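> prediction below, plus the sequence it came from.
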Amino acid sequence: MTKVMITGIAGMVGSHFAQMYKDVDGVYDVYGLDIKSPGYEKNFFKCDILERDELMRVFDQVKPDIIIHMAAQAYNAISWDCEHLTHMTNIIGSLNVLHCANMLGRIKILLACSSAEYGNITPDDCPLKENLPLRPFTPYGVSKVAMEMMGYQYHVNYDLPVYLPRMFIHVGIGHQPMTAIQNFARQLALIKAGKADPVMRVGNLSTQRDFIDTRDGVTAMNVLVEKGQPGVPYNICNGLSHKISDILHSLIEISNVEVKIEQDEAFMRKADEPLLLGNAERIKSLGYSPKYTIHQTLEYVFDNWVYRVSKGEY
């Protein structure tokens, strides 16, 4: 069986990777590490990627064939408030993962790169192609550029098969309310349950984003590991943009509640591209195609927040 090690397995994308691999019977043996428990103990290691010696011990014990590196400070919007943590986790932590992987031999490793690497773009730059110059303008975006460049360096210097997916905004269950969709769905679930006043507090609704269902995203990244070219970036996106105001109104319709919408300065970002739209031709050329519509994704997320609110987990 192919041994897969997922760092950050307790996170949204890591947990979706774990489920995808487990759904393929008799092919993958899934292992995971995180600084917090994913809710089960089988093949799980509690480990901080900043602790290189402990990370090496875990990797040497498992001897994985594939490493899916999702452990990160994963929130672009809060990276100004935790700049040092962002750079330490995403740069030094990822350097440790690459170093330990390289010590094990020529194993495949996928790094969670990001569309935030494109940074200071204009609508004329969209849809964004992978050869566009990177101009990150958030601490998070800078950290992800550094991680991607380290991955490229390890590929060139050590012939390590490093795969570089530039992940656009992934939307799925098990996520914190740090992004617009999660925040909207959480507020609406609280309102529907009678735990909040019927007032939606929102940020900038005029921006447009290329969202991808996390279930589609992990499928695309698995295709990349199986068929893609190491050391080459691939946009993980759908190539479709959605206005945030349209997303909000779709979620309100799904929730079937009446609300008042109020803009709140607390949700306004220091840097907020008017349009973030990716070109998906490179990943689709490997055979990837999305399965879920944006409406199905929004229903998936809202239903999950209704469940979480009912359990008091919000």
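Nice, I can see it.
> now do the end-to-end distance for stretch 21-39.
With C-alpha to C-alpha, to the nearest Å as the measure, the ends of stretch 21-39 fall 17 Å from one another.
> how far does it sit from its chain's centre?
Remark: stretch 21-39 is offset 17 Å from the chain centroid, using C-alpha atoms, centre = their mean, to the nearest Å.
> so what touches that stretch?
Stretch 21-39 is touched from outside by 1-11, 14-15, 18, 43-49, 55, 58, 62, 64, 71, with contacts defined as C-beta atoms under 8 Å, 6 or more residues apart in numbering. In short, each C-beta sits where N, CA and C put it, glycine included.
> show me those that map onto helices.
Assignment to helices by DSSP state H places the following of these there: G14, S15, A18, L55, V58, V62.
> between the residues you listed, which is closest to C237?
Using C-beta to C-beta, the shortest approach to C237 within the ones in helices among the contacts of stretch 21-39 belongs to G14, at 19.3 Å.
> spit out the contact partners of the closest one.
Residues touching G14, when contacts are defined by C-beta under 8 Å, 6+ apart, comprise I6, T7, G8, G32, D34, P38, I68, M70, A71.
> got the phi and psi for the fifth one?
Geometry field for D34 lists phi and psi as phi -170, psi 170, criterion degrees, to the nearest 10.
> so for it, what's the pLDDT?
Confidence at D34, expressed as pLDDT, is 96.
> per-residue confidence at Y40?
Looking at Y40, its pLDDT reads 69.
> is it true that W80 touches P139?
Yes - using C-beta atoms under 8 Å as the test, W80 is close enough to P139 to be in contact (6.1 Å).
> which one's more surrounded, these two?
For W80 versus P139, neighbours defined as other C-beta atoms under 10 Å are more numerous around P139 (22 against 14).
> hmm, back to that, can I have the buried ones of the contacts of stretch 21-39 as a ChimeraX selection?
This is how ChimeraX selects the buried members of the contacts of stretch 21-39, with burial counted by 16 or more other C-beta atoms under 10 Å:
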select :3,4,5,6,7,8,9,10,11,14,15,18,43,44,45,47,49,55,58,62,64,71
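> residues in contact with V162?
The contact partners of V162, taken as C-beta under 8 Å, 6+ apart, are L98, I109, L110, L111, G151, Y152, Y154, H155, P230, G231.
> state the distance from I169 to R106.
Relative to R106, I169 is positioned 33 Å away (criterion: C-beta to C-beta, to the nearest Å).
> in the stretch 201-314 of the chain, where is pLDDT below threshold?
Segments of the stretch 201-314 of the chain classed as low confidence (criterion: pLDDT under 70) are 268-271.
> with only the CA atoms kept, save the lengthiest helix in the chain in PDB.
In the chain, with assignment by DSSP H, the single longest helix is helix 139-158. What follows is the C-alpha trace of helix 139-158 in PDB, where atoms were taken according to Å, rounded to 0.1, in the frame of the first residue of the first chain:
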ATOM      1  CA  PRO A 139       2.700  38.600   5.100                       C
ATOM      2  CA  TYR A 140       0.800  35.400   4.300                       C
ATOM      3  CA  GLY A 141       1.400  35.800   0.600                       C
ATOM      4  CA  VAL A 142       5.100  36.500   1.100                       C
ATOM      5  CA  SER A 143       5.400  33.400   3.300                       C
ATOM      6  CA  LYS A 144       3.800  31.300   0.600                       C
ATOM      7  CA  VAL A 145       6.100  32.600  -2.100                       C
ATOM      8  CA  ALA A 146       9.100  31.800   0.000                       C
ATOM      9  CA  MET A 147       7.800  28.300   0.600                       C
ATOM     10  CA  GLU A 148       7.200  27.700  -3.100                       C
ATOM     11  CA  MET A 149      10.700  28.900  -4.000                       C
ATOM     12  CA  MET A 150      12.100  26.600  -1.400                       C
ATOM     13  CA  GLY A 151      10.200  23.700  -2.900                       C
ATOM     14  CA  TYR A 152      11.500  24.600  -6.300                       C
ATOM     15  CA  GLN A 153      15.100  24.800  -4.900                       C
ATOM     16  CA  TYR A 154      14.800  21.400  -3.300                       C
ATOM     17  CA  HIS A 155      13.500  20.000  -6.600                       C
ATOM     18  CA  VAL A 156      16.400  21.400  -8.600                       C
ATOM     19  CA  ASN A 157      19.200  20.800  -6.100                       C
ATOM     20  CA  TYR A 158      18.200  17.400  -4.800                       C
END
